[in-house]
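J.: quick one, what's the 3D model for this:
(4 chains)
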Protein chains: 4
Amino acid sequence: MTTSSKVIKAGILGASGYTGAEAMRLLLRHPGVELTLLTADRKAGQPVEEVYPHLGGYGLPDMISVADANWEDVDVVFCGLPHGTTQEIIASLPAKVKVIDLSADFRLRDADTYAEWYGHEHRAMDLQKEAVYGLTELNREDVTSARLVACPGCYPTAVLLALLPLVAHGLIDPDDIVIDAKSGITGAGRGLKQNTLFSEAGEGLSPYSVAKHRHAPEIEQEIAKSANVPANDIRVNFVPHLIPMSRGELVTCHLKLANGKTVDDLRDAFNGQYENEPFVRLLKPGALPQTQMVRGSNLCVLNALEDRIPGRATVIAAIDNLVKGSSGQAVQNMNLMFGFEETLGLEQAPLFP
Amino acid sequence: MTTSSKVIKAGILGASGYTGAEAMRLLLRHPGVELTLLTADRKAGQPVEEVYPHLGGYGLPDMISVADANWEDVDVVFCGLPHGTTQEIIASLPAKVKVIDLSADFRLRDADTYAEWYGHEHRAMDLQKEAVYGLTELNREDVTSARLVACPGCYPTAVLLALLPLVAHGLIDPDDIVIDAKSGITGAGRGLKQNTLFSEAGEGLSPYSVAKHRHAPEIEQEIAKSANVPANDIRVNFVPHLIPMSRGELVTCHLKLANGKTVDDLRDAFNGQYENEPFVRLLKPGALPQTQMVRGSNLCVLNALEDRIPGRATVIAAIDNLVKGSSGQAVQNMNLMFGFEETLGLEQAPLFP
Amino acid sequence: MTTSSKVIKAGILGASGYTGAEAMRLLLRHPGVELTLLTADRKAGQPVEEVYPHLGGYGLPDMISVADANWEDVDVVFCGLPHGTTQEIIASLPAKVKVIDLSADFRLRDADTYAEWYGHEHRAMDLQKEAVYGLTELNREDVTSARLVACPGCYPTAVLLALLPLVAHGLIDPDDIVIDAKSGITGAGRGLKQNTLFSEAGEGLSPYSVAKHRHAPEIEQEIAKSANVPANDIRVNFVPHLIPMSRGELVTCHLKLANGKTVDDLRDAFNGQYENEPFVRLLKPGALPQTQMVRGSNLCVLNALEDRIPGRATVIAAIDNLVKGSSGQAVQNMNLMFGFEETLGLEQAPLFP
Amino acid sequence: MTTSSKVIKAGILGASGYTGAEAMRLLLRHPGVELTLLTADRKAGQPVEEVYPHLGGYGLPDMISVADANWEDVDVVFCGLPHGTTQEIIASLPAKVKVIDLSADFRLRDADTYAEWYGHEHRAMDLQKEAVYGLTELNREDVTSARLVACPGCYPTAVLLALLPLVAHGLIDPDDIVIDAKSGITGAGRGLKQNTLFSEAGEGLSPYSVAKHRHAPEIEQEIAKSANVPANDIRVNFVPHLIPMSRGELVTCHLKLANGKTVDDLRDAFNGQYENEPFVRLLKPGALPQTQMVRGSNLCVLNALEDRIPGRATVIAAIDNLVKGSSGQAVQNMNLMFGFEETLGLEQAPLFP
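T.: Numbering: from 1, shown residues only, chains lettered A, B, ... in the order given. Got it, this is the predicted structure:
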């Protein structure tokens, strides 16, 4: 936990959402960062403690409107704005401001795919070309030198950490991937929706967006890239479920092994890829990932497990959707972009129970 | 609220477990049943209200040891005993007592499969031959005339209601069935286990028994029977998860359609099978089953849904594991065995929120 | 399952709220009631299953606007409308329609108190004079002959069942009543509010409306009446808390005993008041009420307990806020008003676990 | 967040319990501490990751039996052992080892009171005389020079931080204190008990230990000391409740103001006492403490609020029972005892949502 003499100035756009709150939580204790800008248009003028009572008392600046932001005062912005609005705001920023985007706006490289899944033409394709996909462990070099990083969606983070090393080494059949995904309810954001009320979501379990979730094309894009095939060649089955817990995400990947490959081969690939990674933890053989192992931390825990059907395997990964699945990975990327230790500000052990 | 002049006497063996409590809850309001016997060896001598405070005040008999039971006083017993112990007790009952078994002891027809999954030889194979598999909707005739009914496991109930009509009509490939299953924590019973403590299971999500769950061979047995192939020919992928809720079970079946078949064909098969069933509800096209739709009721809600991969489909079913997945289906079977209306005592609408 | 040849026609105004849904759940199985009218202005035109998926499949009428209601078609209406709007609608109903109001509009008998707590003049004081306070067990005779019943708030139901027999017999000091109240989140309704989102209310505990809750004057009014003193003479300390559960309400009353009185005297008073009541259950000495004992049922469980401070006692009562605290008590009142058995349609045992 | 060159060696006795786990979580990131000893008799020989999977991967030592501990290897021990066993083990330690006790063994100064509440004579009254009551903010000087610190119980921590400044300044009547306390389920520990199973405690609310909780005499002892009266002169009403959440504790204190005193006076006293305290946060006037404001942090948030009854007030305090209520306060005390910054290792902001 080094104390660096260098201190950069950071802003959070859309600080009233959950990813914004989580970025605040992490950055207010980051020894290399000073939080100088918090925007939230509908909360403009309010102190942080009215928007997030648990973050009162830390001397953070009040929320202001994005229109009132003084960009001279920031070296980096974290964008937690709604999809679509992000593009124009980011396009308007001074070039010296680095951008870490938590929205989906710069994740999809193909303009048509973007338009198909988000319902409108992309408004900043030039920036899109420049954007680096911020799955840190698998894209570290590009992230380090990027000006604009598009952080992966929460599901893609867990899924791709679990699958890309297997695809890259030809260990699984990329045409037979079934992803059964489960997320805590913060994944749906802080907006007011009936299905995320406590009385609706509590004591219950709901699939949602079956065959229609926007994270599917993102996953396919990266798998195709790793398999070195055209993006349209990959189609995964992706079914998400809403789980009655606030945080946490677990993806259960039902896979077909490539000819002659075994679960040990999968574990070897994970080990080769991740053994020196501070935030990815391969469990012992047979041990099962749980969201309880990662709550509040930037960790991903994963494992490959025997299926009783010969030639198949189950790969499971768990993350905290608000940390490694969002703001934590964003801070990890920031650390690379500004020359900090990659783990700085992210050392917290998981909170259990 | 009685409509029937006939009243039978019922006993519950293992009344201190959750399936026992649920059988009590349902039977104490059943107009054709008098509860005359409750056994719970470790709670023998205790009034019901000490074992289950919510069932105090209904005039139920005290718990006694199974050794002290007066079998003359019962027409039917519900057995909620641990696996293994059930066989010998049931074998010792007078022939005039009908038996509805909630344990796994008589579900598997093959002696070797039983021994493999339960770790010991079956001790009552004669009775096993006589036992009828109590998945009511798909085995109604046999149940009606049975003396011994083996109620399906909770997962098999949901899975088989969802898959058997599809297998029977050749609509899906029985060799490519992935079942991602999710259960509330009552599914693990009332025994004291660390992983079912509130502080361990709450705010978390855990897969368990991956490739090792005893409900897998039960599912395979019934699918094979429906597909008219040897039991060993069918192997399903079955991965269960523990969900932080008390009740409810949802199975997400990732399926390959048979050549040329569509989701509409699946829905037609469901409609044909279930349109007059009081306890199975096919949702409208595209609507997603949730456990919230069935809590406390004997209902199964299900639907077949488009996958974005051509030639594949997702079938989802939800039940309350303690009702349709256990004691409710047991009462439904009892109604058939004793000539009551099949829905008697099971009319309660789901409890939501 | 009908035992009664008489069938009355019932309507629910504001059927899209939780009290409306609970009234539907209970009434659709009531053998003496046909549900002929469901209004929900913002959901007008929608089938029930879109508004409440768990109530699909029961053949209920579609939601309509209250303006489109045909009052000829109803013998009784349950009003679950927002406070304030109720008064004018009820005033406009034909005299032959009986009214069971679930809102707060007719609970307070004093016009000034109403105006003070609800922020506007009462708009139907004539009706107010006619309204009967529907705390069934303590007001049975008046309810039976009423045309308009104002059902108590959920907290007042639990508090008054616990305190009125004690006040009436002079067993406690009415000037030293501290009520620490706890409610599940359905108590806040189905409206979209940030503090009732799962991610905000889950894994947390929040006091609210300290010294400002509208149920306080309602409690005081009834205690004063029972103590035979002017309403303004009674002031209770009332602090409610939001608990991370959907249903259930528990009130912990910290009391000062009247001179020489004991906890046994309190229990005797409860016993004298409630021993033949089907829905109020006095626990054994020392046993502690829990919301788990009443979930989904119309029961109130209560007890009086020793305090370690001489001369003081603790009285605790638990109800399901949506049943005895709202729609269940409403049905209980309806049964009296129409000559049904008081328990008809309310026989369900609590759902636990 | 200073990095100190000094590193002390710490051990945790009873590391398999929740307070032990929480001490591990905090200490493994503490820059001045090396964890060299973890004992857990029934888990002896197991690596940490089998006992607490979320703490795997941090290089912690395996669990050993307390009998096998090498006391030369520790400068300080945190004792999370069951009540009673602690006394003998602590008495046997070398004098150079400092002790921070998380059990109740050294909290009560009066031998008779201890015997009355814990059912046996105290076995180390000499040590008891030496022990310092570790409510850090109100006993800082003594803690700094102590060898043996008895950390307060979780409830007393919250209650005493809320009440002692008021008692000390004569602002409230110490003879009329009603404490309605609420705790998350980790407060009951990791032992296997039926009432802490998810299915029993979830979706429910249970009072417990009414008039019998062992934290009552501890609270009374400290209030009496602050009021400068004999311990037996103070009796508080203390009623705890189990809340369906894992962490968090909130105490609602219903108080009588001393003559002429106001809520503003209470707030002034809090402000005077705590304005420079890093871990106690007085909210703005009218704002209500919630457990959500402190989860995972060492904070206590509190406020004094108007009651509608003249001459009374409500004081509410919230803590995380495992942090400020236990292991966090223990680390805070350790920091004082070893000359570290008081906040070292405890800087984490609350985790919300």
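
J.: can you give me the helices in the stretch 1-150 of chain A?
T.: Assigned helices in the stretch 1-150 of chain A, in chain order: A:18-27, A:48-51, A:85-91, A:111-118, A:125-130, A:140-144 (criterion: DSSP state H, counting those that start in this stretch).

J.: ranking the ones you listed by burial, who's on top?
T.: helix A:18-27 (a mean of 26; mean count of other C-beta atoms under 10 Å in any protein chain shown). Every residue, glycine included, has its C-beta placed from N, CA and C.

J.: is it anywhere near chain B?
T.: No: shown here: helix A:18-27 not in contact with chain B (C-beta under 8 Å from any C-beta of the partner chain), separated by at least 15.3 Å.

J.: quick one: that helix to chain centroid distance?
T.: 13 Å (C-alpha atoms, centre = their mean, to the nearest Å).

J.: so for it, mean pLDDT?
T.: Helix A:18-27 carries an average pLDDT of 98.

J.: one more: stretch A:81-99?
T.: Rounded mean pLDDT across stretch A:81-99 is 90.

J.: distance check, the nearest residue in space to residue A:47 that is not next to it in sequence against residue C:266.
T.: With C-beta to C-beta, 6 or more residues apart in numbering or on different chains as the criterion, residue A:47 has its nearest non-adjacent residue at 5.1 Å, and that residue is residue A:62. Distance, residue A:62 to residue C:266, by C-beta to C-beta, to the nearest Å: 53 Å.

J.: out of these two, which sits in the more crowded spot?
T.: residue C:266 (25 against 15; other C-beta atoms under 10 Å in any protein chain shown).

J.: for residue A:206, phi and psi?
T.: Taking degrees, to the nearest 10, you get phi -130, psi 120 for the backbone angles of residue A:206.

J.: how far away is it from residue A:239?
T.: Computed as C-beta to C-beta, the residue A:206 to residue A:239 distance reads 12 Å.

J.: now for residue A:96, how many residues are close by?
T.: The number of residues near residue A:96, taken as other C-beta under 10 Å, comes to 10.

J.: find the nearest non-adjacent residue to it, please.
T.: residue A:75 (7.7 Å).

J.: what residues does the stretch 251-353 of chain A put near chain B?
T.: Checking the stretch 251-353 of chain A against chain B by C-beta under 8 Å from any C-beta, the hits are A:252, A:254, A:288-292, A:295, A:305-309, A:312, A:314, A:316, A:318, A:353.

J.: what about 10 Å?
T.: A:252, A:254-256, A:286, A:288-295, A:303, A:305-310, A:312-314, A:316, A:318, A:351-353 (C-beta under 10 Å from any C-beta of the partner chain).

J.: my guess is residue A:290 meets residue D:54, correct?
T.: Yes: counting by C-beta atoms under 10 Å, residue A:290 touches residue D:54, with 8.5 Å between them.

J.: which neighbours do these two share?
T.: Taking C-beta atoms under 10 Å, 6 or more residues apart in numbering or on different chains as the criterion, residue A:290 and residue D:54 both touch A:301, A:352, B:204.

J.: check which helix or strand covers the residue nearest to residue A:116 when sequence neighbours are not counted.
T.: Residue nearest to residue A:116 in three dimensions, not counting chain neighbours: residue A:217, with 7.9 Å by C-beta to C-beta, 6+ apart. Per DSSP states H and E: residue A:217 is located in helix A:215-227.

J.: now do residue A:190
T.: Applying DSSP H and E, one finds residue A:190 in no helix or strand.
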